[in-house]
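# test case, fold it:
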Amino acid sequence: MSVVSAVPFMKPVHMRSPVSQGRRHTLPASEFRSLSPEDAISVFEIEREAFISVSGECPLHLDEVRHFLTLCPELSLGWFEEGRLVAFIIGSLWDQERLTLDALTLHKPHGTTVHIHVLAVHRTFRQQGKGSILMWRYLQYLRCLPYVRRAVLMCEDFLVPFYQKSGFKVQGPSEITVGPLTFIEMFYPVRGHAFMRRNSGC
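Predicted coordinates:
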């Protein structure tokens, strides 16, 4: 379940501070990195505000955020501005063609499909295209993982155009429901971009 801009992968840009009497340590102006369990509370606070106001349900509860960031932190990506988390994606591996209820809580280490559980942007950074940029970078990263063949997600109807702009295709209605909420399942063929792997520096 996902909510909601393209830049190539690059090393984080670090701001330099003037040297006066001693060296001052500054935080990166903008940094993209995998998340860790220590980021879980910041992740959950952004997620809760983003989803509760829209659907009344969070895709992942705090213990589930910690669960996935412990089992598969390499399938997450956070965007930090001056050390502050402003947007993130959390994913896990899945081993079936379609998502089932088990996909909401399980990580299948031998799977070849990345299930994107959630994409969320901090409220003060929305309407700036950050969701699209983060998704672009995440998909670029997935192309560097040889075991990943595709990415899947489920979202509400109104978000389908957002994900289509990132290259996702509609697979059909999801069998998963949450209370009265229904979802559309979408997929992105990572494997079909092998030529980009060869030219991406992976």
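# please report phi then psi for the spatially most central residue of the chain.
In the chain, the residue lying closest to the centroid (CA atoms, centre = their mean) is residue 89, at 1.8 Å. Backbone torsions of residue 89, given as degrees, to the nearest 10, read phi -130, psi 140.
# thought it was touching residue 138?
Yes: between residue 89 and residue 138 a contact is recorded at 5.1 Å, counting by CB atoms under 8 Å. From N, CA and C alone the C-beta is placed, and that goes for glycine too.
# joint contacts of these two?
By CB atoms under 8 Å, 6 or more residues apart in numbering, residue 89 and residue 138 have these common neighbours: 77, 116.
# and the next element down the chain from the helix or strand harbouring residue 164?
Using DSSP states H and E, residue 164 falls within helix 160-165. As assigned by DSSP H and E, the chain's next helix or strand after helix 160-165 is strand 169-178.
# and that following strand, which residues are buried?
Using 16 or more other CB atoms under 10 Å as the test for burial, strand 169-178 gives 171, 174, 176, 178.
# so the last one makes contact with residue 57?
Spelled out, it's residue 178. Yes: counting by CB under 8 Å, residue 178 does reach residue 57; the two are 5.3 Å apart.
# beta partners for the residue nearest to the centre of the chain?
residue 77, residue 119 (DSSP bridges).
# could you measure from it over to residue 175?
23 Å (CB to CB, to the nearest Å).
# what's near enough to touch the residue lying closest to residue 70 once chain neighbours are set aside?
Excluding the flanking residues, the one nearest residue 70 by CB to CB, 6 or more residues apart in numbering is residue 37, at 5.3 Å. Shown in contact with residue 37 (CB under 8 Å, 6+ apart): 66, 69, 70, 73.
# who wins for most neighbours among those residues?
Using other CB atoms under 10 Å as the neighbour criterion, residue 69 leads the contacts of residue 37 with 23 neighbours.
# element containing it, please.
Going by DSSP H and E, residue 69 is in helix 62-71.
# which neighbouring elements make contact with that helix?
helix 40-52, strand 84-94 (3 or more CB pairs under 8 Å, 6 or more residues apart in numbering; DSSP states H and E).
# for residue 189, find the nearest of the ones you listed.
strand 84-94 (14.9 Å; CB to CB).
# list the buried residues of the closest one.
Residues 85, 86, 87, 88, 89, 90, 91, 92, 93, 94 are the ones in strand 84-94 that count as buried (16+ other CB under 10 Å).
# pull the contacting residues for the residue nearest to the fourth one when sequence neighbours are not counted.
In this structure, residue 88 finds its nearest non-sequential neighbour in residue 78, 4.5 Å apart by CB to CB, 6+ apart. For residue 78, the set of contacting residues under the criterion of CB under 8 Å, 6+ apart consists of 32, 33, 34, 35, 39, 43, 85, 87, 88.
# of all those residues, which two lie farthest apart?
Maximum distance among the contacts of residue 78 (CB to CB): 14.6 Å, for 32 and 43.
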